[in-house]
Every structure is written in C-alpha cells, then in structure tokens.
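Enquirer: here you go, sequence then predicted model.
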Amino acid sequence: MNLPQSLLKVGVYIDVSNLVMNGGFGMRYEVLRQFACRDGAVPMRLNAYVSFDPARAETDYDYRIKQYRFHAALRDLGYKVIIKDTQWYTDDDGNRFGKANVDLDLAVDALLQSENLDRVLLATGDGDFVRVVHALQNKGCRVEVVAFDNVSAELRREADMFMSGYLIPHLLPISRAKSAAQWNGVGSFVRGVCYAHDNAKGFGWLRYLTRVDGELWRTDSRDDMSPYNTIFCHDSEYPPEFDTANLTNRNVVIEFQITEGMEAGKHKAVSVQTIRART
C-alpha cells in the first residue's frame, strides 16, 4: 500500500484483560481505533491480545459463545485477535489458579513491528510495559498510553502522552446518559477534569474533550483549533462527602451533565459525580 509521506503510521496494541479488569469493561473498540488514528493517521497494526480458557469453553456454552462473538466483533473492526490460552497451575497450598499472560507477546510484536510505525498506542495500565515504552521511543516512535484504573504511575510518566480512557468521548458508555450518541450537547453527560478551582469562592472550571480529531495539546479552549471545552461548576454540585481540595488532581475524573447557565449562551456543570481512577 503506497501512502503519502505526510500520513502518520500507527500501531495499536491492546491488553484486553488488563483493561477489562481495571475499569474498561464495555469499552468501544471502534472508538479506540478512531482515537488512535486521529489527525488522519493510518492504522498499520491493530492488535488485540485476549485470554481464552479452552478447558472452560468445553463445558461452559455461554462462555464459549460470548468469547467467539467478542473475537468476531473485534475482527469486524479490523483488529487482529491474538489469543493466549489460560494455563492452570497449583500452588504450594493446593490452590488452583489460571494464568494467561499476554505481556511478552504484546511487547515482542510492538518492538518488531515498530520499524514501520510513527506512533504506538498501548492500551494497558500495566507498569511492566515501561521498558517497552523506552525501547519504542528509542526507535523513534511516539508512544501513547490509554487506560482506566490502576494505571502504573511510572507508565504515565514515561509515555509521551497518557490519556485516561474515561475522558475519551464515547469510549466508555455513561450509564446515566439516555443515549450513547450524546456528548457535549445541552442535557448530555460528559467526563472531564478540573483544571482550576477557587476554594475560597467555592467554584471552579472543568475541561473536557468534545471530539477526538483535534490536536490534543491545544488545551486552551479559546483556541479555535482546540478539541476541548471548559465549563463552570459550583462546589454545591459535588457529592457532600467529596473533598473539593483535591479537585485539581488530574487523576480525579469528573462526570457531569451540561445545562444552561445563568447567562445566555453560557453553560454549567450539574449532577456531578467523581471517578477517582484507582492508581
């Protein structure tokens, strides 16, 4: 396939089990692909690493069918599904446990395939991938990480960009939203972070993504090319037990509804819930 030199070539590597167990259950993989390929980038590799228990599949019909349908859905979206069978072991106390570690497969594939990539998106919060991040960066790749909860602090720091999956529009459905298509309109629910707060006056400003096709470094919403919006939020909209002194912690994700403000054309955040991504 001949590509214009201006197009970025992207590789996406998803540690499915890590995401599912850490806040990402129900994630929409087509949205993750769209996010990875923003700016008109071309997906050269789309790899989803999944664990599968063949022994359970022999006796559990529902498990077998759900897994096959999930794998088929991923393939329909253009992903290559790399299946790692669960291996069962018994510890010294006689307890039986299963293990299907995809880390090595993912790391080797990403490193070998990076020769033909400009940008790599790792969808995982596992700190074991820090060395992989370094190796990819040394090969000249920009490395981005997307994850939800229990994200390694070192992995956040070493990535060229970390983006909480909670903040990507439509990536993880909001249960309070009436429609999965809602985001950014009056009455819709979105997620963002608090970037400025006045403890004395009891209010602050939230910032949230409106789309995934913009330049994410343009965080000033006054910039016409910024993909972000900002919105006013009064402290009375937060749950009573929430300590607003922690609001500017970027690990605290704010889920809220957009409603009309006091001034014409102005909006405010109401019905606030906080999602502190576990680290």
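Expert: It's in.
Enquirer: outside of the helix or strand containing Arg69, which residues touch it?
Expert: Here Arg69 is covered by helix 61-76, with elements defined by DSSP states H and E. Residues from elsewhere that reach helix 61-76 (CB atoms under 8 Å, 6 or more residues apart in numbering): 29, 48, 50, 52-53, 56-58, 81, 83. Glycine gets a C-beta too; all of them are placed from N, C-alpha and C.
Enquirer: which parts of the stretch 51-200 of the chain are strands?
Expert: Secondary structure of the stretch 51-200 of the chain by DSSP state E, counting those that start in this stretch: the strands cover 80-85, 87-90, 96-99, 119-123, 142-147, 161-164, 189-198.
Enquirer: so Lys9 touches Val42, yeah?
Expert: Yes. Judged on CB atoms under 8 Å, Lys9 makes contact with Val42 at a distance of 5.6 Å.
Enquirer: which one of the two has more residues nearby?
Expert: Lys9 (16 against 13; other CB atoms under 10 Å).
Enquirer: any chance of the contacts of helix 61-76 in a markdown table, plus neighbour count, distance to Lys139 and pLDDT?
Expert: Below are the contacts of helix 61-76 laid out as a markdown table (neighbours: other CB atoms under 10 Å; distance: CB to CB, whole Å; pLDDT from 0 to 100):
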| residue | neighbour count | distance to Lys139 | pLDDT |
| --- | --- | --- | --- |
| Tyr29 | 22 | 26 | 98 |
| Ala48 | 25 | 22 | 98 |
| Val50 | 20 | 26 | 95 |
| Phe52 | 18 | 31 | 91 |
| Asp53 | 17 | 35 | 89 |
| Arg56 | 14 | 38 | 88 |
| Ala57 | 16 | 38 | 92 |
| Glu58 | 10 | 42 | 90 |
| Val81 | 18 | 25 | 97 |
| Ile83 | 15 | 27 | 94 |
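Enquirer: mind checking the end-to-end distance for stretch 147-162?
Expert: This stretch, stretch 147-162, spans 8 Å end to end (CA to CA, to the nearest Å).
Enquirer: got the buried residues for that stretch?
Expert: For stretch 147-162, the buried set under the neighbour-count rule, 16 or more other CB atoms under 10 Å, comprises 147-149, 151-152, 155-156, 158-159, 162.
Enquirer: ok, back up a step: out of the strands of the stretch 51-200 of the chain, which one sits most buried?
Expert: strand 119-123 (a mean of 26; mean count of other CB atoms under 10 Å).
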